[in-house]
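Undergrad: coordinates for the following, if possible.
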Amino acid sequence: MTTSLLAPAASPALAAGWPPSLQLLLGEAAVDLWSAALAPTGAGLRSLRATSVTLQPDGAAIVQYAASLVTADGRPARDTLAATTGSRIPDGAAVLAGDVSGTTVEVGLWRWPHDPALPALAWATSAAAVRARLPGLGVPAEDARLRLRAYRPGRRAVVEVTSARGTWYLKVVRPRAAAPLAERHAVLGSGAPVPPVLAGTPDGVLVLPGLPGTPMRALLAGDGAGLPDLAAVDAVLDALPAAALDLPAPGRHAPGDALGRARGHAAVLGMVAPHLRPRLDRLCAALEGVDPGRHERVPVHGDLYEAQLLVTDGAVTGLLDVDTAGAGHRVDDWATLLAHLAVLEQLLPDPATVIRTRAAWTAELAGRWPDDALRARVAAVLLGLATGPFRVQQAGWPARTEARLALAEAALTGG
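TA: Down below sits the predicted model:
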C-alpha cells in the first residue's frame, strides 16, 4: 500500500495547523476510511493520492483522489474517489466517521461516476449511454466519443462529445440547478454569443453546441495574432441583454464581487498556510480601506477570464460558462480578466504576449475608474486565485501560493 495524501510539499508542521477536515482527508486516516468503504465490494487499496482539494471558509472540504485498487477477483484497477465533510455532504453519500485528535469528523464518500449530487453523471460519461440517449434529444451523436473536460465533485461536470456530425458539450449539474441555468443561457443568448441549450434532461444534463473560435488563452500563449482588442471585449460585454439584470444572484454576493469574497478567501488561505495569516490580515484590511466607489449596475459575466472567450479574427465569437452572469459592475469583470492575465504571466513558458496585452489594457482602462478602485479589485481577485495551487495539488504549492499573494499585494499598491 502506497500513499501520497498530504498535499505536495506540505511539511508535518504546516499540516498540523490544518482544520480537522484536511487532517483527516489528506492524512493516513483517509486510507482507513476508504478501506472500510471499499470492503463490502471486495476491493482493496493499493495506492491513494489526492488530486484536488476544495476548502470552504467554514472548514468543510471536498477531496478528489486517484486510486489504484485490486478488485475482488484480484485484477488491478484504477478509480476516482471523492470525499466531503460538513456542509458539503450530499444526500445519498456513504457516510463514515473519522477521528482527528479526539474530534469526530463525518465524511461522505463516493466512487466515480456515482456522484450522489449529480445523478446524471454516470450516463453522461458512458459513451454507450450517450450514443443511445442523445439522438432521442435531437443530437445526432450515434458515433460519439467522449472527453471529460471538468469535474467538481458534488457541483458540476463538463463532458465533450465529438462525432462525425459535430461537437457538443454535456453540462452536468444538480437537477434543481438545470432549469435556472437553461433560463440563464436563454436570457443571455438573446444578445451575446452564449451557447444555446439544445436539450435538457430532468436529472441535470444540459446539451450545448460547440461554438466557433479559438480560446483566447491559446492566442495569448502564441504571438498574439488574432487577439481581440479591449474594445472587442467591451463589445461582447455590452451585448449582454438588459434582461440579465433580473437574473437571480448565484450566491450571497453580486456576480464578480471579489472584494466581498476577500475575507472568505483569506480564511481558506489562512487555514492551509497559517504562516501567511499576518499578511492576509494586512491585505484584507487594506482592501477594506479602499473606497469601492459608486458604479452603475449593468449586466456582467461574473467570472470573465481568457479561457471563457472564443475568438475569430479579433472578434469574440463565444462567451462561455455564464453560470454566474447577472447584475453587477463592469469594473469587476475587467478586474477579473486582468488578474487572470497576471497569473498567466507566471504560468506560460513565454509570457511576452500576455505581458504586452495586460500592460496595454491596463493603460487603456486608466481613467475609466479611480485607479485604487480597479487596483483593489484586481488584488482581491488575485487573493482568490492564490487558493489555486493548493486546490489543484500543484507541486510546491506553498511557494506558489505565497507568490500569488505577493502578486495581490503588488497589485494593490500599483507595483
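
Undergrad: need the pLDDT of the closest residue to residue 211 other than its chain neighbours.
TA: Closest residue in space to residue 211, ignoring its immediate chain neighbours: residue 318 at 3.7 Å, by C-beta to C-beta, 6 or more residues apart in numbering. Bear in mind the C-beta positions are built from the backbone N, C-alpha and C, glycine included. Note for residue 318: predicted pLDDT of 98.

Undergrad: quick check: residue 318 vs residue 311, distance?
TA: Residue 318 is 8 Å from residue 311, where distance means C-beta to C-beta, to the nearest Å.

Undergrad: which one's more surrounded, the two?
TA: residue 311 (24 against 21; other C-beta atoms under 10 Å).

Undergrad: my read: that one touches residue 225, true?
TA: No - with contacts counted by C-beta atoms under 8 Å, residue 311 stays clear of residue 225, the gap being 10.6 Å.

Undergrad: list residues touching both of these two?
TA: residue 219 (C-beta atoms under 8 Å, 6 or more residues apart in numbering).

Undergrad: and this structure, what are its domains?
TA: Listed by automatic domain parsing, the domain ranges of the chain are 2-111, 121-209, 214-413.

Undergrad: residues contacting residue 405?
TA: Contact analysis of residue 405 by C-beta under 8 Å, 6+ apart lists 269, 276, 279-280, 283, 382-383, 386.

Undergrad: and the strands in the stretch 1-150 of the chain?
TA: All strands of the stretch 1-150 of the chain, identified by DSSP state E, counting those that start in this stretch, fall at 2-3, 44-55, 61-70, 76-85, 94-100, 103-111, 145-152.

Undergrad: distance of the nearest residue to residue 344 once chain neighbours are set aside from residue 244?
TA: In space, and not counting its chain neighbours, residue 344 is closest to residue 354: 5.0 Å by C-beta to C-beta, 6+ apart. Separation of residue 354 from residue 244 (C-beta to C-beta): 29 Å.

Undergrad: how about residue 27?
TA: From residue 27 to residue 244 the distance is 45 Å (C-beta to C-beta).

Undergrad: cool, residue 55 as well?
TA: 31 Å.

Undergrad: ok, back up a step: tell me the one of the contacts of residue 405 nearest residue 193?
TA: Distance to residue 193 across those (C-beta to C-beta) is lowest for residue 382, with 27.8 Å.

Undergrad: pretty sure the closest one contacts residue 403?
TA: No - contact between residue 382 and residue 403 fails when scored by C-beta under 8 Å: they sit 10.4 Å apart.

Undergrad: if you count surrounding residues, which of these two has more?
TA: Neighbours per residue (other C-beta under 10 Å) separate residue 382 from residue 403, with residue 382 holding more: 28 against 14.

Undergrad: ok, the more buried one - contacts?
TA: So residue 382 contacts 339, 342-343, 404-405, 407-408, 411 (C-beta under 8 Å, 6+ apart).

Undergrad: let's see it at 7 Å
TA: With contact set as C-beta atoms under 7 Å, 6 or more residues apart in numbering, residue 382 has these partners: 339, 342, 404, 407-408, 411.

Undergrad: can you tell me which of those are in helices?
TA: 339, 342, 404, 407-408, 411 (DSSP state H).

Undergrad: circling back to that earlier point, lowest mean pLDDT across the domains of the chain, which one is that?
TA: domain 2-111 (a mean of 87).

Undergrad: chain center to that domain, what's the gap?
TA: Chain-centre distance of domain 2-111: 20 Å, with C-alpha atoms, centre = their mean, to the nearest Å.

Undergrad: still on that earlier bit, okay, residue 27 and residue 244: which has more neighbours?
TA: Taking other C-beta under 10 Å, residue 27 and residue 244 do not tie; residue 244 has more neighbours (24 against 18).

Undergrad: and the more buried one, that's in a strand?
TA: No - using DSSP: H, G, I helix; E, B strand; the rest coil, the secondary structure at residue 244 is helix, not a strand.

Undergrad: pretty sure it contacts residue 325?
TA: Yes - proximity of residue 244 to residue 325 meets the contact threshold set by C-beta atoms under 7 Å, at 6.0 Å.

Undergrad: give the residues shared as contacts by the two.
TA: With C-beta under 7 Å, 6+ apart, residue 244 and residue 325 have common neighbours residue 188.

Undergrad: show residues contacting stretch 66-75.
TA: Under C-beta under 7 Å, 6+ apart, the answer for stretch 66-75 is 41-49, 51, 76-81.

Undergrad: ditto for stretch 169-182
TA: With contacts defined as C-beta under 7 Å, 6+ apart, stretch 169-182 is touched by 117-121, 124, 156-161, 197, 200, 202-208, 210, 323.

Undergrad: go through the residues you listed and flag which are in strands.
TA: 156-161, 200, 205-208 (DSSP state E).

Undergrad: nearest to residue 192, of the residues you listed?
TA: For the ones in strands among the contacts of stretch 169-182, the closest approach to residue 192 (C-beta to C-beta) belongs to residue 208, at 14.3 Å.

Undergrad: what about that closest one, neighbour count?
TA: Residue 208, neighbours per other C-beta under 10 Å, totals 21.

Undergrad: could I get the ones in helices among the contacts of residue 382 as CSV with neighbour count?
TA: Listed next are the ones in helices among the contacts of residue 382 as CSV, based on neighbours: other C-beta atoms under 10 Å:
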residue, neighbour count
339, 26
342, 23
404, 22
407, 22
408, 25
411, 23
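
Undergrad: I'd like the residues you listed laid out as TSV, including distance to residue 142.
TA: Conversion of those to TSV gives the following (distance: C-beta to C-beta, whole Å):
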residue	distance to residue 142
339	43
342	45
404	45
407	48
408	49
411	50
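
Undergrad: centre-most residue in this protein?
TA: The chain has residue 152 as the residue nearest its centroid, 7.4 Å off, counting by C-alpha atoms, centre = their mean.
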